[in-house]
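**Student:** test case, fold it:
(one chain, ligands or ions: 1)
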Amino acid sequence: MAPRSFLKMHGLGNDFVVFDARGDAFDPDADLVRRLADRRTGIGCDQLIVVDASAVATVRARFWNCDGEAVGACGNGSRAVAALVGGDASIETAGGLLTATALVGGASVDMGTPRFDWDAVPLAYAMDTLALPLAWGLLANPGAANVGNPHIVFFVADPDAIDLGVIGPEIEHDPVFPERINVGVAALPARDHMVLRVWERGAGLTRACGTGAVAAVAVAQRRGLADARVTVSLPGGDLVITRQDDGHLVMAGPAVIAFTGTVDLEDYR
Ligand SMILES: N[C@H](CCC[C@H](N)C(=O)O)C(=O)O
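**Tutor:** Okay, the predicted model is just below:
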């Protein structure tokens, strides 16, 4: 099998292996995704992305976590796709149709409107998603939202004081989340500034999570805690999330190509 070219990209250190499959179909199974994502025996990434032609948008983007699971949305990955495609683009994803604009060194992506219904997150049973009546140790009463993928967000005094590497997987796999969950812990030093750490479903602690930032701002705004435009500081850097008058949340931030390469997929069967 001929070697296949790929791009190694990242958004604030949330990193991706991107295959441009426009004109050369690529449908990796979970095992191949895991092998390519392995940081010692593969190329290594948090998520793998395949860009395809689309009948309804400029391109289609498919996302897999490094655990091999396909997911509906990846905010930083969507910016990477938008930067790759260039100009103004629409992106068909399993989590919805996105519109994006490439910027110098990154992109802005309209992530649509967040969904707060318990069965849209989804949760295993009806609960008030403004503040779930649940606790895991010192973390309690998170907000929940679906922004193309499922998130809960806890508001704490100091996100770095939370051992997210320990509590994150416990929450991710709690049966109250039938599709598992991405877990954010956030602080709001100001109404237009958030500090956020995310344990990602299927990827663990990442340097940044675009949908996590969108979900955290959406919950904060729903609680009346944040302005329409919020700078979100993640370990890898800052994203700007802006709620438009139509309720759509637009995320802007960097997305870059670290390197390109080729891989002989026969080596990964
Ligand atoms: N872990 C997420 C997908 C990647 C999200 C993140 N990398 C982003 O930038 O939004 C999930 O399982 O829904």
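**Student:** how near is the spatially most central residue of the chain to residue 62?
**Tutor:** Computing the C-alpha centroid of the chain and ranking residues by Cα atoms, centre = their mean puts residue 74 first, at 3.4 Å. Distance of residue 74 to residue 62, computed by Cβ to Cβ, to the nearest Å: 10 Å. Any C-beta I mention is one placed from the backbone N, CA and C, and that applies to glycine too.
**Student:** need the overlap of contacts for the two.
**Tutor:** Taking Cβ atoms under 8 Å, 6 or more residues apart in numbering as the contact criterion, the common neighbours of residue 74 and residue 62 are residue 49.
**Student:** next, work out how far apart the closest residue to the residue nearest to the centre of the chain other than its chain neighbours and residue 161 are.
**Tutor:** Nearest residue to residue 74, sequence neighbours excluded (Cβ to Cβ, 6 or more residues apart in numbering): residue 63, at 4.3 Å. Look at residue 63 and residue 161: by Cβ to Cβ, they are 31 Å apart.
**Student:** between these two, which has more neighbouring residues?
**Tutor:** residue 63 (23 against 10; other Cβ atoms under 10 Å).
**Student:** can I take it that the more buried one is in a strand?
**Tutor:** Yes: assigned with DSSP: H, G, I helix; E, B strand; the rest coil, residue 63 falls within a strand.
**Student:** what's it in contact with, if anything?
**Tutor:** Contacts of residue 63 by Cβ under 8 Å, 6+ apart are 47-49, 70-74, 77, 93-94.
**Student:** among those, the buried ones, what's the ChimeraX command?
**Tutor:** Of these, the buried ones go into a single ChimeraX selection, burial set by 16 or more other Cβ atoms under 10 Å:
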select :47,48,49,71,72,73,74,77,93
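**Student:** mind putting the contacts of residue 63 in a markdown table, distance to residue 136, pLDDT and secondary structure included?
**Tutor:** Converted to a markdown table, the contacts of residue 63 look like this (distance: Cβ to Cβ, whole Å; pLDDT from 0 to 100; DSSP: H, G, I helix; E, B strand; the rest coil):
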| residue | distance to residue 136 | pLDDT | secondary structure |
| --- | --- | --- | --- |
| 47 | 25 | 98 | strand |
| 48 | 29 | 98 | strand |
| 49 | 31 | 98 | strand |
| 70 | 27 | 98 | strand |
| 71 | 22 | 98 | strand |
| 72 | 24 | 96 | coil |
| 73 | 24 | 97 | coil |
| 74 | 25 | 97 | coil |
| 77 | 28 | 98 | helix |
| 93 | 30 | 97 | strand |
| 94 | 28 | 96 | coil |
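**Student:** ok, and of the contacts of residue 63, which contact the ligand?
**Tutor:** Subset of the contacts of residue 63 in contact with the ligand: 47, 71, 74, 77, counting by Cβ under 6 Å from any ligand atom.
**Student:** beta partners of residue 9?
**Tutor:** Taking DSSP bridges as the rule, residue 9 bridges to residue 16, residue 257.
**Student:** so it sits right up against residue 254, yeah?
**Tutor:** No: between residue 9 and residue 254 there is no contact under Cβ atoms under 8 Å: 10.4 Å.
**Student:** and these two? Which one has more around it.
**Tutor:** Shown here are residue 9 and residue 254; by other Cβ under 10 Å, residue 9 has more neighbours (25 against 22).
**Student:** which residues sit in contact with the more buried one?
**Tutor:** Here residue 9 is in contact with 15-16, 18, 49, 80, 83-84, 255-258 (Cβ under 8 Å, 6+ apart).
**Student:** how long is stretch 219-228 end to end?
**Tutor:** Start-to-end span of stretch 219-228 (Cα to Cα, to the nearest Å) is 12 Å.
**Student:** ok, residue 2 - how many residues close by?
**Tutor:** Other residues within reach of residue 2, judged by other Cβ under 10 Å, total 9.
**Student:** pLDDT wise, what is the nearest residue to residue 129 once chain neighbours are set aside at?
**Tutor:** Excluding the flanking residues, the one nearest residue 129 by Cβ to Cβ, 6+ apart is residue 144, at 4.1 Å. For residue 144, the pLDDT comes out at 99.
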